[in-house]
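Q: Okay, predicted coordinates and the sequence, questions at the end:
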Amino acid sequence: MLQRRARVVIALLVVITLTFAILDLRGGKGPFATFRSVVGTAVGSLESVGAAIFSPVLAVGGWWGTWGDQRDQIAALEAQNKALSDLVRRSAEDRARADALDGLLKVAGAGRYRITPAEVIAVGPQQEFSWTVTIDIGTQDGIERDMSVINADGLVGRVSAVHRTTSTVVLIVDPSVSVGARIAGSEEVGILSGTGDQNSLEFQMLNPLAKVDVGQAIVTFGSKNGKPYAPGIPIGEVTEVRGTAGQLTRVAAIRPYAQLSALSIVGVVVRPPRTDPRDSVLPARPAAEATAAPTPTPTSSSDVLSATPQPSPKAS
Amino acid sequence: MWLRQVLILSITLLIAITTQNSFLGRLGLPGATPDLVLVSVIAVALAYGSAMGMIYGFAAGILLDFAPSTEGVVGVNALLFMAAAFVAGRAIDPRDRTVPLIIALVAGITAGVILARGLVDSLLGQPTVVWGNMAGLILSGALYSAFLAPFVVMPLRWVVKKFTPEVAI
């Protein structure tokens, strides 16, 4: 057993401990404030020495410890990067769509067409030799057969079949399509037909003596009630004239304004304008062509300049 | 002889407290912090007997209670360490001590001290005790102490026998 002296010492220590505990529990700053600060300073400085000694060891441990963290961090950053680049790509797409819609709205405003915007969701197979696309609106959006389809650049085609939520559009380059068209700035009309080549249309003029020049614009002539083609929609411009004046038929090659191989946003003309917008929908001519104007024929240049007021005298 | 003993115990205590607070606590091991001071208390009790172990435990506990980074009631650690030293010095007869037995003793006492500290702290109204963690704390604390035991108990016994053979058990 413990020696007598040891027992006394231990009993004394226990009493001291309990006294400390009770004094400390009384709360407030207590009688230990100075003692605590003295011991704290001593042990604290000892601990800072220890910290200096152990820091290199801890750094190694910390390196291993953060290994997993860093892997997690890399994964998180990669995920974030992916999300952000996704966002950027989508925002570019959104901007392109917005631009297309904007152009469409401008065209519709210029021609006073009432349009319903749509998106091309499918393209018909080329090997069937018909040029068709599918758009994502149908009868429930008020689409009917034979409505004109345009985009920001010009005429795209007409609706050939309507389903509940989708419609089929036959493009103007389809060989079976013919469109009544007019040379902008004149009263010369003709029949435009597709050739199956997406960059070229054939324009057959009814008047074999009509004057036609390369670079002149072609717009739709318009059908009864605007079906299948509303009047005044830009189609394309003359790239080549075959045959001489006075020949039985004269044919001009037309390059369509709308890029028919890359359609995204189109508009279906659900109501044509009350009056023919004539040439007002045509895109503004590039500045270079406008300044170098002496060579073109007088008819075309003067008519392009005085294009807009045409319908107003009829209306008033 | 007395001077040597005091010197050995002081150095042991300083090393234990410094290592525990500056190194083991900052390792960020899961569960409890390895209680090197407690292991050193048990080692002293095994080397010098219960009485000297309790005196050492008192000093260690008081120092720990007043040292920075402990916010408990002053005296709790001292009391617990004294109890630990008392049990450690008397649990196993010095002639039956083997390494596995000593490791088991250290682990058991550590578990008891952690549990007792939780009980005393909650009795004294300390709001920091989270009983949900208690099982994990006891298990990890006992495990760490068992790991530390051979590295503390054996060297200390060797030092004690070398420098103060008269009072060594």
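A: Everything's here; your move.
Q: Close to chain B: what parts of chain A are there?
A: Residues of chain A that fall close to chain B, judged by Cβ under 8 Å from any Cβ of the partner chain: A:2-3, A:6-7, A:9-10, A:13-14, A:16-21, A:23-25, A:32, A:35-36, A:39-40, A:43-44, A:46-51, A:53-54, A:57-58, A:61, A:65. Bear in mind the C-beta positions are built from the backbone N, C-alpha and C, glycine included.
Q: And these, which of them are buried?
A: Among those, those classed as buried by 16 or more other Cβ atoms under 10 Å in any protein chain shown are A:2, A:6, A:9-10, A:13-14, A:17, A:20-21, A:24, A:32, A:36, A:39, A:43, A:46-47, A:50, A:54, A:58, A:61.
Q: and B:G132, how far is that from chain A?
A: To chain A, B:G132 is 25 Å away according to Cβ to the nearest Cβ, to the nearest Å.
Q: what about the helices in the chain?
A: In the absence of a named chain, chain A is used. A:4-25, A:33-111, A:287-291, A:298-305, A:311-315 (DSSP state H).
Q: Not quite, go with chain B.
A: B:2-19, B:36-48, B:50-66, B:76-91, B:99-123, B:134-163.
Q: can you give me the mean pLDDT across the first one?
A: This means helix B:2-19. For helix B:2-19, mean pLDDT rounds to 90.
Q: Quick one: work out the angle between it and helix B:36-48.
A: In terms of direction (axes from the mean of the first three to the mean of the last three Cα atoms, to 10 degrees), helix B:2-19 departs from helix B:36-48 by 160 degrees.
Q: can you check the third one too?
A: An angle of 160 degrees separates the directions of helix B:50-66 and helix B:36-48 when computed by the same axes, to 10 degrees.
Q: which other helices and strands contact helix B:50-66?
A: Packed against helix B:50-66 by the contact rule (3 or more Cβ pairs under 8 Å, 6 or more residues apart in numbering or on different chains; DSSP states H and E) you find helix A:4-25, helix A:33-111, helix B:2-19, helix B:36-48, helix B:76-91.
Q: Going by mean pLDDT, which of those helices comes out lowest?
A: By mean pLDDT, the lowest-scoring of the helices and strands packed on helix B:50-66 turns out to be helix A:33-111, with a mean of 80.
Q: Show me what it is packed up against.
A: Helices and strands touching helix A:33-111, by 3+ Cβ pairs under 8 Å, 6+ apart, are strand A:114-123, strand A:148-150, strand A:265-271, helix B:2-19, helix B:50-66.
Q: buried residues in the longest one?
A: In other words, helix B:2-19. Within helix B:2-19, the residues scored as buried using 16+ other Cβ under 10 Å are B:5, B:8-9, B:12-13, B:16-19.
Q: Out of those, the closest to chain A would be?
A: Distance to chain A, by Cβ to the nearest Cβ, is smallest for B:T18 among the buried residues of helix B:2-19, at 3.8 Å.
Q: List the contacts of the closest residue to that closest one other than its chain neighbours.
A: In this structure, B:T18 finds its nearest non-sequential neighbour in A:G50, 3.8 Å apart by Cβ to Cβ, 6 or more residues apart in numbering or on different chains. Contact analysis of A:G50 by Cβ atoms under 8 Å, 6 or more residues apart in numbering or on different chains lists B:18-19, B:21-23.
Q: Can you name the residue of the stretch 201-316 of chain A nearest chain B?
A: Here the stretch 201-316 of chain A gets closest to chain B at one residue, A:S264, 56.2 Å apart by Cβ to the nearest Cβ.
Q: What is the burial count for that residue?
A: 13 (other Cβ atoms under 10 Å in any protein chain shown).
Q: mind checking pLDDT for residue 136?
A: Since no chain was named, I'll use chain A. Confidence at A:D136, expressed as pLDDT, is 88.
Q: wrong one, chain B
A: 87.
Q: mind checking how far it is from chain A?
A: Between B:G136 and chain A the computed distance is 19 Å (Cβ to the nearest Cβ).
Q: From what I see, that residue and B:G31 are in contact.
A: Yes: with contact defined as Cβ atoms under 8 Å, B:G136 counts as touching B:G31 (5.3 Å).
Q: Neighbour count: those two, which is higher?
A: More crowded of B:G136 and B:G31, by other Cβ under 10 Å: B:G31, with 16 against 12.
Q: got the contact list for the more buried one?
A: B:G31 touches B:136-137, B:139-141, B:144, counting by Cβ under 8 Å, 6+ apart.
Q: can you check A:G124 too?
A: Residues near A:G124 by Cβ under 8 Å, 6+ apart: A:130-134, A:168.
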